[in-house]
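Visitor: sequence below, structure please.
(chains A, B and C)
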Amino acid sequence: MTNSDTSEPDLMSVSERVAAEALIVDVGAFEGPLDLLLMLSRTQKVDLRQISILALAKQYLAFVEKAKELRLELAADYLVMAAWLAFLKSRLLLPPDPTEDGPSGEELAAHLAYQLERLAAMREVAAKLMGRDQLGRDFFARGITEDVQRVRKVTYTATLLDLMQGYARIRTKDNFRPFVLDRAHIMTMEQALERMRGMIGFAGDWTDLQSYFPDGWDADAVRTRSSTAATFAASLELAKEGKIEIRQGEIFAPIQIRKRLPRDE
Amino acid sequence: MSDVQNESLFEAPPLAEQTRMVEAILFATADPVSIKELTGRMPHGCNPVEALVHVGKRYEGRGVHLVKIEDAYAFRTAPDLGYLMQKETVEVRKLSRAAIETLAIIAYHQPATRAEIEEIRGVSVSRGTIDQLIELEWVRLGRRRMTPGRPVTFVVTAGFLDHFGLENARDLPGLKELRSAGLLENRPPPGTGDVDEDTNDDQADMFEESDE
Amino acid sequence: MSDVQNESLFEAPPLAEQTRMVEAILFATADPVSIKELTGRMPHGCNPVEALVHVGKRYEGRGVHLVKIEDAYAFRTAPDLGYLMQKETVEVRKLSRAAIETLAIIAYHQPATRAEIEEIRGVSVSRGTIDQLIELEWVRLGRRRMTPGRPVTFVVTAGFLDHFGLENARDLPGLKELRSAGLLENRPPPGTGDVDEDTNDDQADMFEESDE
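Guide: Residues are numbered from 1 along each chain as shown, chains lettered A, B, ... in the order given. Here you go, the predicted structure:
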């Protein structure tokens, strides 16, 4: 930040103004730090090969400072670029340290200038390209194509995207497991019914419904609930069929069942 | 064009220019064009009727000529050359999903046996699907696999590469590349983090060998 | 051509007739037709190349003219008459700035990897950008780069050339200037050692022929 470089004072003020304006508009208007740097470098109004990287770094750092002040959110790559430019600036300002190897400040600066020039060149040719006469806008293909007539031969087509997406679909479909109920802790009425049919013949005396639960199912709350419901529903079914009798002493008292004896016995 | 300034704005272009215009309009328009429509589309003061006469003459006896359909005009290929158009008479249909997936598996995993295709797709592959791909000349038989039963393998053809604009099946991007290049439908499977790292490796492996 | 009777069966039609044929075939199709395809469709013994020269001359300066796209030919309306065709204009999906720049980078640096595109633009290629260009059939996959990771590359298609009225990729506007300014080199940042020498070679190859 010293006067050791010879940056023109009025140039800085112009660029600062531009930078400030840009900030007011929107940080998001820039497609990344390189885009912003290119815009800043344009304010120097010289050939991109001759821009002052030092001035550019200052402008950029000023931009980032200002953004922080205004509490604008800056993406990480803006900050990475700021750090790198600060480093570059120090390399450009300090006399080269002969013990340190690695690229010199000039080399780094030249590369940055190259990147900016290349991006600017690409923008320019992109604009040239889009400015060309275009098919379907400025010149036209045959409107009435005659090649669809007569002997119909069916051919099938697919695009590269179809192919790639098809492949991706297969390779990722394991992740789309269809929704299924977890049945490990569920007892169905059919299961309960089957179980009780096998046991009911031995139930001469009133027995608690709970004793018909499968072993171990009373330990887990989910299983208890499921087996209670299933066993109760199954016992109602059996009672309906006339196979058992059900009784309950009072509300919430245990439900008891026993084999129904033939009338004549 | 003219030294009368005001007039020049509305002065009709020379007949030769009008002929060019009629030519271009009739060429590019999808339906036959009526005189009224021509007049409407050409600059003020043009006379399409006269231009049409010139166009008609110009194409007399050529491979293409001017025909009148009711009160509209169009270019048509000369009837005696109709036989040249026969090859193009194809009806294009979209390949079924089963066929695309089978084709994709063959392209990514070739040479692939039918059992391998079925294993990857998770469903059986009907005879007709592979037959269709063979008939399209996108798939052909490769070497038999030297495993018990010596199953037939399938590989993709030069015609396949041509159709899909590939130089080599190895140029197809792997899953990771598809995803990072944004070529996958943006539909991440619910609740899954990174998926099938190994899928890609598989593919890398597979292409590795083919390198020498 | 020959007085041997059997031969006469296969004697090629006179040039004027061949010219008519080429005219008819090209007129009938919207897409460019390659010399190979022309040869395949014309009677045995025809030489479409010669006929094409005649067709080209015949349509010079007309409302419709012959254009060459790589090794294929098509009729297109003269660009100066585009204003007559407003009705025919198909609303082209507006490309984002990112997509346009990506397209230009691929066209000028092809074959280009995703990393190269990102390096030049200084931002990552967002999801769907390349996807969109592939869907427009302006970009396709090229050969994998023979560098670590063997990345997928992208190149522009004949459809791209057709759309922008280019005969081939060497005719891209400003290409020579960019190359002589060294702006198409893949220059590694200083201090990173030398990177993929062959990157550049690929591209050099691609445009080599145009140099003489």
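Visitor: within the helices and strands, which one has the closest residue to B:Pro43 other than its chain neighbours?
Guide: Distances taken as C-beta to C-beta, 6 or more residues apart in numbering or on different chains place B:Pro13 nearest to B:Pro43, at 6.3 Å, with adjacent residues excluded. Using the backbone N, CA and C atoms, a C-beta is placed for each residue, glycine as well. Counting by DSSP states H and E, no helix or strand carries B:Pro13.
Visitor: can you tell me the average pLDDT over stretch B:18-38?
Guide: Averaged across stretch B:18-38, the pLDDT comes to 90.
Visitor: CA atoms only: put that stretch into CSV for me.
Guide: Coordinates of the C-alpha atoms in stretch B:18-38 are reproduced here as CSV (Å, rounded to 0.1, in the frame of the first residue of the first chain):
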residue,chain,number,x,y,z
GLN,B,18,-38.1,-10.6,-56.6
THR,B,19,-37.4,-13.9,-58.3
ARG,B,20,-34.8,-14.6,-55.7
MET,B,21,-37.2,-13.8,-52.9
VAL,B,22,-39.9,-16.1,-54.3
GLU,B,23,-37.4,-18.8,-54.7
ALA,B,24,-36.3,-18.5,-51.0
ILE,B,25,-39.8,-18.3,-49.6
LEU,B,26,-41.1,-21.3,-51.6
PHE,B,27,-38.0,-23.2,-50.6
ALA,B,28,-38.2,-22.6,-46.9
THR,B,29,-41.9,-22.6,-46.2
ALA,B,30,-43.4,-25.8,-44.9
ASP,B,31,-46.6,-25.4,-47.0
PRO,B,32,-47.5,-24.3,-50.4
VAL,B,33,-47.7,-20.5,-50.5
SER,B,34,-50.5,-18.5,-52.1
ILE,B,35,-50.0,-15.4,-54.1
LYS,B,36,-51.7,-13.4,-51.4
GLU,B,37,-49.2,-14.7,-48.8
LEU,B,38,-46.3,-14.0,-51.1
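Visitor: what helix or strand does B:Val53 sit in?
Guide: Using DSSP H and E, the element containing B:Val53 is helix B:48-58.
Visitor: hey, where'd the strands end up in chain A?
Guide: Taking DSSP state E as the criterion, chain A carries its strands at A:153-157, A:207-208, A:244-248, A:255-259.
Visitor: quick one, what contacts the residue nearest to B:Pro43?
Guide: The contact partners of B:Pro13, by C-beta atoms under 8 Å, 6 or more residues apart in numbering or on different chains, come to B:Met21, B:Pro43, B:Cys46.
Visitor: quick one, phi/psi of the most centrally placed residue in chain B?
Guide: In chain B, the residue lying closest to the centroid (C-alpha atoms, centre = their mean) is B:His163, at 8.5 Å. As for B:His163, its main-chain torsions (degrees, to the nearest 10) stand at phi -60, psi -40.
Visitor: now residue 141: closest residue in space, sequence neighbours ignored.
Guide: Since you didn't name a chain, this refers to chain A. Computed as C-beta to C-beta, 6+ apart, the closest residue to A:Ala141 that is not its neighbour in sequence is C:Ala30, at 4.1 Å.
Visitor: that's the wrong chain, I meant chain B
Guide: That would be B:Val152: by C-beta to C-beta, 6+ apart, it lies 5.6 Å from B:Leu141.
Visitor: ok, A:Ile257 to chain C distance?
Guide: Distance of A:Ile257 to chain C, computed by C-beta to the nearest C-beta, to the nearest Å: 64 Å.
Visitor: I figured that residue hits A:Asp205, correct?
Guide: No - at 10.1 Å, A:Ile257 does not count as touching A:Asp205 under the criterion of C-beta atoms under 8 Å.
Visitor: what about the two, which has more around it?
Guide: More neighbours surround A:Ile257 than the other of A:Ile257 and A:Asp205, with 24 against 8 (other C-beta atoms under 10 Å in any protein chain shown).
Visitor: so how far is A:Trp217 from the more buried one?
Guide: Using C-beta to C-beta, to the nearest Å, one gets 17 Å for the distance from A:Ile257 to A:Trp217.
Visitor: quick one, what contacts the residue nearest to the centre of chain B?
Guide: B:His163 touches A:Thr157, B:Trp138, counting by C-beta under 8 Å, 6+ apart.
Visitor: report pLDDT for it.
Guide: Looking at B:His163, its pLDDT stands at 81.
Visitor: poorly predicted segments of the chain, please.
Guide: Going with chain A. Counting by pLDDT under 70, the ranges of chain A that qualify are A:1-28, A:145-156, A:173-184, A:262-265.
Visitor: I was thinking of chain B, sorry if that wasn't clear
Guide: Along chain B, segments meeting pLDDT under 70 span B:1-10, B:86-91, B:179-212.
Visitor: let me see the ranges of the strands in it.
Guide: All strands of chain B, identified by DSSP E, fall at B:33-34, B:64-69, B:72-77, B:90-94, B:112-113, B:139-141, B:153-156.
Visitor: adding mean neighbour count and distance to A:Ala83, write those out as a markdown table.
Guide: Listed next are the strands of chain B as a markdown table, based on neighbours: other C-beta atoms under 10 Å in any protein chain shown; distance: least, C-beta to C-beta, whole Å:
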| stretch | mean neighbour count | distance to A:Ala83 |
| --- | --- | --- |
| strand B:33-34 | 18 | 65 |
| strand B:64-69 | 17 | 67 |
| strand B:72-77 | 20 | 65 |
| strand B:90-94 | 11 | 52 |
| strand B:112-113 | 22 | 50 |
| strand B:139-141 | 18 | 54 |
| strand B:153-156 | 21 | 49 |
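Visitor: distance to B:Arg121 added to these, as JSON lines?
Guide: Formatted as JSON lines, the strands of chain B follow (distance: least, C-beta to C-beta, whole Å):
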{"stretch": "strand B:33-34", "distance to B:Arg121": "51"}
{"stretch": "strand B:64-69", "distance to B:Arg121": "49"}
{"stretch": "strand B:72-77", "distance to B:Arg121": "45"}
{"stretch": "strand B:90-94", "distance to B:Arg121": "19"}
{"stretch": "strand B:112-113", "distance to B:Arg121": "11"}
{"stretch": "strand B:139-141", "distance to B:Arg121": "15"}
{"stretch": "strand B:153-156", "distance to B:Arg121": "13"}
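Visitor: A:Thr224 is nearest to which of the ones you listed?
Guide: A:Thr224 lies closest, by C-beta to C-beta, to one member of the strands of chain B: strand B:112-113, at 51.0 Å.
Visitor: list the helices and strands that closest one packs on?
Guide: strand B:153-156 (3 or more C-beta pairs under 8 Å, 6 or more residues apart in numbering or on different chains; DSSP states H and E).
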